[in-house]
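*Asks:* Please find the sequence and the predicted model below.
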Amino acid sequence: MIEREEDFRKEAVKVAAYLMSISARTAPKSKGEDDIEIIYVDGEDKDRIANAMIEHGNKSGIKGFIRDGESVKVASGILLIGVNGGKPLKLNCGACGYASCEEFQAAGRRQGRDFAGPNCMFKLLDLGIAIGSAVKLASMINVDNRIMYRIGTIAKALGIAKADVVMGIPLSSTGKNPFFDREMKK
């Protein structure tokens with residue numbers, strides 16, 4: 001049997017995403033409490049996110065959504081990584097803006113423009129470490145990627161991701177990384 005790379009490229013990127021998800025899942029978590037959500041999206045669902053990003057950019061006038069949506073269109077898939085940040089660690093550190101974790105919880109959850117909050121700072125750190133672990137692996141195995149805030153906002157708005165804060169990582173395997181050196185459309 002002879003297989004050409006072009007014929008299995010998308011499947012190879014999907015395998016890379018699966019391995020990245022393991023890196024994100026096993027990344028250290030504050031107090032060992034895991035509130036990370038990980039989702040892989042490709043095919044029609046990926047295109048639905050891309051199109052919704054472009055539509056949002058056109059309606060809001062935020063050109064970055066259009067540029068990033070165009071990038072998602074050429075991606076093989078997207079790894080979404082989010083965190084549920086509403087469960088504080090009972091450290092009363094005040095980084096969330098409240099005097100105590102009890103005050104934080106009593107304030108209740110609110111939906112902001114893009115994400116729900118307030119969020120425990122340690123949960124947000126967990127999200128950053130999980131994302132960093134995933135993209136480090138992608139870099140090691142040479143899968144093109146970029147962390148994109150805008151993907152997460154749209155994936156959350158579409159109900160694909162349920163976490164309070166979500167970031168998207170588009171993935172590709174081409175001769176040039178399509179997620180850098182992009183021009184903003186006028």
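*Replies:* Good, I have the coordinates.
*Asks:* Who are the contact partners of N51?
*Replies:* By Cβ atoms under 8 Å, 6 or more residues apart in numbering, N51 lies in contact with G69. Where you see a C-beta, it was placed from the backbone N, CA and C, and this is true even at glycine.
*Asks:* what about it, which helix or strand?
*Replies:* Taking DSSP states H and E as the criterion, N51 maps to helix 43-60.
*Asks:* Just the buried residues of that helix, please?
*Replies:* Residues of helix 43-60 classed as buried by neighbour count (16 or more other Cβ atoms under 10 Å): D45, K46, I49, A50, A52, M53, I54, H56, G57.
*Asks:* Turn those into a markdown table, columns for distance to I38.
*Replies:* Shown next, in a markdown table, are the buried residues of helix 43-60 (distance: Cβ to Cβ, whole Å):
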| residue | distance to I38 |
| --- | --- |
| D45 | 15 |
| K46 | 15 |
| I49 | 16 |
| A50 | 20 |
| A52 | 20 |
| M53 | 20 |
| I54 | 25 |
| H56 | 23 |
| G57 | 26 |
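*Asks:* farthest pair in these?
*Replies:* Spatial extent of the buried residues of helix 43-60 (Cβ to Cβ) is set by the pair D45 and G57 at 19.0 Å.
*Asks:* SS state for I2?
*Replies:* coil (DSSP: H, G, I helix; E, B strand; the rest coil).
*Asks:* Assess the claim that H56 and I154 are in contact.
*Replies:* Yes. Between H56 and I154 a contact is recorded at 6.3 Å, counting by Cβ atoms under 8 Å.
*Asks:* joint contacts of the two?
*Replies:* Counting by Cβ under 8 Å, 6+ apart, the shared contacts of H56 and I154 are F65.
*Asks:* show me where the chain has strands.
*Replies:* Assigned by DSSP state E, the strands in the chain fall at 36-42, 77-83, 110-111, 116-117, 144-145, 165-172.
*Asks:* Check what contacts stretch 122-131 and list those residues.
*Replies:* By Cβ under 8 Å, 6+ apart, stretch 122-131 touches 23-25, 27-31, 34-36, 38, 81-85, 87-89, 91, 93, 147, 165, 167, 169.
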